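# Sequence unavailable; structure follows:
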């Protein structure tokens, strides 16, 4: 967006420079080729003067300033929006990290919790049976070594 504002500013500045009174000549040589130049044509060529007055003669400096201010304001709003979006992304990242940490802590508490079993034996005497350890997952078998295929005859 900054590049666009700079382009607009340069364009408007170029229009603000008053055009000097320059003469341009359209020259046609004997073979019919046309050239444009600042000097009069050679005697052997047909010559015609060309009007070089700028097309934008109703330039308004106040309008240029308004356009520049609007470009600066648009740039400021864009930068504010980018900053607020980045702050929102950071808040979401932090929230996700916090939720993941809470989940890990809950899983750790669940694994660490001991659940004893109470069994009532003869005479209604409680017998506390400690929890069984959780079985560990079985390791995956090692892949068999590859044997080269017999050569075809």
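In hand now; what should we look at? Values in this document were obtained by computation on a predicted structure and should not be read as measured data.
# Against which helices or strands is whichever helix or strand residue 91 is part of packed?
Assigned by DSSP states H and E, residue 91 belongs to helix 61-112. On a contact count with 3 or more C-beta pairs under 8 Å, 6 or more residues apart in numbering; DSSP states H and E, helix 61-112 meets helix 2-16. Backbone N, C-alpha and C define where each C-beta goes, glycine included.
# The helix it packs on: what's the following helix or strand?
Downstream of helix 2-16 (by DSSP H and E), the next one is strand 24-28.
# just checking, residue 52 touches residue 25?
No. Counting by C-beta atoms under 8 Å, residue 52 sits too far from residue 25 to count as a contact (10.4 Å).
# the more surrounded of the two?
Using other C-beta atoms under 10 Å as the criterion, residue 52 and residue 25 rank with residue 25 on top: 16 against 13.
# Let me know the pLDDT of the more buried one.
On pLDDT, residue 25 comes in at 82.
# How about residue 141?
For residue 141, the predicted pLDDT is 73.
# Kindly report the same for residue 9.
58.
# Same check on the one 3 residues further on?
As predicted, residue 12 sits at a pLDDT of 58.
# what do you get for residue 73?
95.
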